[in-house]
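**Student:** here you go, sequence then predicted model.
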Number of protein chains: 4
Amino acid sequence: MATHHRQAPELIISQWFNTKNDITLAGLRGRVVVIEAFQMLCPGCVSHALPQAQNIHKMFNPEEVSVIGIHTVFEHHQAMTPASLEAFLHEYRINFPVGVDTPSTRGNIPKTMAAYDMQGTPTTILLDKEGRIRKQKLGQEHDMLIGAEIMSLLREPS
Amino acid sequence: MATHHRQAPELIISQWFNTKNDITLAGLRGRVVVIEAFQMLCPGCVSHALPQAQNIHKMFNPEEVSVIGIHTVFEHHQAMTPASLEAFLHEYRINFPVGVDTPSTRGNIPKTMAAYDMQGTPTTILLDKEGRIRKQKLGQEHDMLIGAEIMSLLREPS
Amino acid sequence: MATHHRQAPELIISQWFNTKNDITLAGLRGRVVVIEAFQMLCPGCVSHALPQAQNIHKMFNPEEVSVIGIHTVFEHHQAMTPASLEAFLHEYRINFPVGVDTPSTRGNIPKTMAAYDMQGTPTTILLDKEGRIRKQKLGQEHDMLIGAEIMSLLREPS
Amino acid sequence: MATHHRQAPELIISQWFNTKNDITLAGLRGRVVVIEAFQMLCPGCVSHALPQAQNIHKMFNPEEVSVIGIHTVFEHHQAMTPASLEAFLHEYRINFPVGVDTPSTRGNIPKTMAAYDMQGTPTTILLDKEGRIRKQKLGQEHDMLIGAEIMSLLREPS
């Protein structure tokens, strides 16, 4: 049996927070990447997904596992501007890099969200060291399972 | 011994949500009033104080106990506009009346917050049926104690 | 309309813990009484009802509100002996008085449990200052509601 | 650098629950083994360690990861007999194999607990596929970390 894993589309980001340099997935090849797509006014993102992403960021070596937040605003656009996001990240003490997903010129779905065909927030995505999508999940996931999945990707030969 | 309870200053609100008519404390005389002062980007407000206020609103008869939220923005003003607040109330399914505290013309502290001399958010305030301040507390309070305090005020003769 | 509240049957206890003198409901007249009927191996009792009873014990003046635990063993009798109960109370740091419900000479239901017609554990019972049953509830109750109900009974004229 | 991992001493069990056949570590060679040492009246075991062990049992393939509980009674011996333990396992719906640690003929520490030099309960122990001790931890551990550590052992070549 052969399983084909799709190569992750490059992120399309209009503005970065919590990083000096812009981030590209191409530049993270060789690391496991955790993408947490969220909206700052999504209750499940605030109570569960973002604390989980923060724990991943704390528990794994950032040289081996990169955690990236993507602010994929697809509703209430006026309410979740980059200025609001910046205050949110400060108040919730989120310190991993977060990119603002580039708004679409037509429709409500921003560009990275569309490229990954995400269905809502929170969406957690795991990429292997080759930059392929190994998991994409809408909604809440158990900490123990996420920990095991990340370690499984880490233990794959580069 | 005689204890003097200060009469609660009138609310100074620039915009109301979740109510057809503007609310005044004077118009609520005869009811116990719970004022929950919060900021939408304050983590302790989101995780504890607002769910508690929502529970008070659900558990007591609104003809006897009025729950009022006040959005007392004293930092990150650009990030917590009335448009952002409206989306926040919708996403978090908060359905009791919420007023926007009127910004000050000088300084960061809005007018109602200043009139009550609040020190931060969340602040929970209990008024008796005569409109006097019987409790004002910064930070988290136990559900059981709040329930008992509200009932104690309710049982006072009008 | 007139509501009749049943006088609470006296407790039928074979052994007391956490009290120097045996306790009778007759001796508590004038106080609000909270009876928490539990089994030490009932998960809902351990995770919710006993911590709630402990909070009531801590939050209210014991001269006004008496919290009493009753160990109403109706299953696994060999596993929940008074010796086991004593170790349980020590490990869980329960310090309000707890009585062992007297086993029945026929059947599994102990005598106090039968006298109150309890349907299982945990059961929370509130008595007013006259010793009448004002609430009897099987299962989990919200802290805020319990706090309000106790205060309501406290505010009744003696 | 070379790290030496100690071979896990064999379990010394007087009675098994939740298994048809007695279990030996020798018989589990080739699998990762999670040993959860607990006492049924230890609050931290009940609220955290046993639910975590139950989650490991549910989340991993039992052909690859064996979860074993050990009832290491070192205090309140009269209160935590095998009869009490059996009722406890039933009420808390614990369905992985649990062994009763054999009481010592001198002193309070049972034999397996002594062989592993455990300092208290709960203690979580991870064995690799060769039966060596790779982790031994007293107290609470984060779900995410445990998940990652188990997966790391699973990914080691047999």
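**Tutor:** Perfect, I can see it now. Numbers count the residues shown, from 1 in each chain, chains lettered A, B, ... in the order given.
**Student:** for stretch A:22-32, the distance to its chain's centre please.
**Tutor:** Stretch A:22-32 has its C-alpha centroid displaced from the chain centroid by 12 Å (Cα atoms, centre = their mean, to the nearest Å).
**Student:** check stretch A:28-42 too.
**Tutor:** Put simply, stretch A:28-42 sits 1 Å off its chain's centre (Cα atoms, centre = their mean).
**Student:** one more: stretch A:100-108?
**Tutor:** Centroid separation for stretch A:100-108 versus its chain: 17 Å, with Cα atoms, centre = their mean.
**Student:** avg pLDDT for that stretch?
**Tutor:** For stretch A:100-108, mean pLDDT is 94.
**Student:** now stretch A:71-81
**Tutor:** On average, stretch A:71-81 scores 95.
**Student:** which residues belonging to that stretch are considered buried?
**Tutor:** Using 16 or more other Cβ atoms under 10 Å in any protein chain shown as the test for burial, stretch A:71-81 gives A:71-76, A:79-81. Glycine gets a C-beta too; all of them are placed from N, C-alpha and C.
**Student:** in strands, which of the residues you listed fall?
**Tutor:** Mapping the buried residues of stretch A:71-81 onto strands (DSSP state E) picks out residue A:71.
**Student:** what would the buried residues of stretch A:71-81 look like in CSV with distance to residue B:19?
**Tutor:** What follows is these, written out as CSV (distance: Cβ to Cβ, whole Å):
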residue, distance to residue B:19
A:71, 31
A:72, 33
A:73, 28
A:74, 29
A:75, 24
A:76, 21
A:79, 20
A:80, 25
A:81, 27
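**Student:** now, which of the buried residues of stretch A:71-81 lie close to chain B?
**Tutor:** The subset of these within reach of chain B, by Cβ under 8 Å from any Cβ of the partner chain, is A:75-76, A:79-81.
**Student:** of those, closest to residue D:64?
**Tutor:** Nearest to residue D:64 among those, counting by Cβ to Cβ, is residue A:75 at 42.4 Å.
**Student:** surely the closest one meets residue A:40?
**Tutor:** No: Residue A:75 lies out of contact with residue A:40 (Cβ atoms under 8 Å); the separation is 11.7 Å.
**Student:** chain A against chain B: which residues are in contact?
**Tutor:** Residues of chain A that fall close to chain B, judged by Cβ under 8 Å from any Cβ: A:41-43, A:46-47, A:75-76, A:78-81, A:83-88, A:90-92.
**Student:** pLDDT below threshold where in chain A?
**Tutor:** Filtered on pLDDT under 70, chain A yields the residue ranges A:1-2.
**Student:** go through it and flag its longest helix.
**Tutor:** Scanning chain A for the longest helix, with DSSP state H as the assignment, gives helix A:143-154.
**Student:** ranges for the helices of chain A?
**Tutor:** Counting by DSSP H, chain A has helices at residues A:43-44, A:50-59, A:82-91, A:111-115, A:143-154.
**Student:** for the last one, output the C-alpha coordinates as PDB.
**Tutor:** Yep, that's helix A:143-154 we're talking about. What follows is helix A:143-154, C-alpha atoms only, in PDB (Å, rounded to 0.1, in the frame of the first residue of the first chain):
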ATOM      1  CA  ASP A 143      -3.500  16.600  24.400                       C
ATOM      2  CA  MET A 144      -2.200  13.000  24.700                       C
ATOM      3  CA  LEU A 145      -2.900  12.200  21.100                       C
ATOM      4  CA  ILE A 146      -1.400  15.400  19.700                       C
ATOM      5  CA  GLY A 147       1.800  14.700  21.800                       C
ATOM      6  CA  ALA A 148       2.000  11.200  20.400                       C
ATOM      7  CA  GLU A 149       1.400  12.400  16.800                       C
ATOM      8  CA  ILE A 150       4.100  15.100  16.900                       C
ATOM      9  CA  MET A 151       6.600  12.600  18.400                       C
ATOM     10  CA  SER A 152       5.800  10.100  15.700                       C
ATOM     11  CA  LEU A 153       6.600  12.600  13.000                       C
ATOM     12  CA  LEU A 154       9.700  13.700  14.900                       C
END
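**Student:** what about the closest residue to chain D within chain A, neighbour count?
**Tutor:** The minimum distance from chain A to chain D, using Cβ to the nearest Cβ, falls at residue A:147 (3.2 Å). Residue A:147 has 26 neighbours, counted by other Cβ atoms under 10 Å in any protein chain shown.
**Student:** which non-adjacent residue is nearest it?
**Tutor:** Nearest residue to residue A:147 in three dimensions, chain neighbours excluded: residue D:147, at 3.2 Å (Cβ to Cβ, 6 or more residues apart in numbering or on different chains).
**Student:** now do residue A:5
**Tutor:** Nearest one to residue A:5, counting by Cβ to Cβ, 6+ apart, is residue A:132 at 3.9 Å.
**Student:** does that neighbour have beta-bridge partners, and which?
**Tutor:** Taking DSSP bridges as the rule, residue A:132 bridges to residue A:7.
**Student:** before we move on, the earlier item: closest one to residue B:152 among the helices of chain A?
**Tutor:** helix A:43-44 (32.4 Å).
**Student:** rewinding a little: from residue A:55, how far out is the residue nearest to residue A:147?
**Tutor:** Separation of residue D:147 from residue A:55 (Cβ to Cβ, to the nearest Å) stands at 11 Å.
**Student:** and residue A:84, by the same measure?
**Tutor:** 24 Å.
**Student:** pick out whichever of these two has more residues nearby.
**Tutor:** Per other Cβ under 10 Å, whichever of residue A:84 and residue A:55 has more neighbours is residue A:84, with 26 against 18.
**Student:** need the contact list for that one.
**Tutor:** With contact taken as Cβ atoms under 8 Å, 6 or more residues apart in numbering or on different chains, residue A:84 is in contact with A:40, B:41, B:78-80, B:84.
**Student:** among those residues, which one sits closest to residue A:138?
**Tutor:** Of all these, residue A:138 sits closest to residue A:40, with 17.6 Å by Cβ to Cβ.
**Student:** dump the residue contacts of that closest one.
**Tutor:** Counting by Cβ under 8 Å, 6+ apart, residue A:40 makes contact with A:46, A:71, A:80, A:84-85, A:88.
**Student:** farthest pair in the contacts of residue A:84?
**Tutor:** With Cβ to Cβ as the measure, no two of those lie farther apart than A:40 and B:78, at 14.0 Å.
**Student:** partners of the residue nearest to residue A:31 when sequence neighbours are not counted in the sheet?
**Tutor:** Nearest residue to residue A:31 in three dimensions, chain neighbours excluded: residue A:66, at 5.0 Å (Cβ to Cβ, 6+ apart). Beta-bridge partners recorded for residue A:66 (DSSP bridges): residue A:33.
**Student:** what's around the closest residue to residue A:127 other than its chain neighbours, how many residues?
**Tutor:** The shortest distance from residue A:127 to any non-neighbouring residue, by Cβ to Cβ, 6+ apart, is to residue A:33 (4.0 Å). Residue A:33: 24 surrounding residues under other Cβ under 10 Å.
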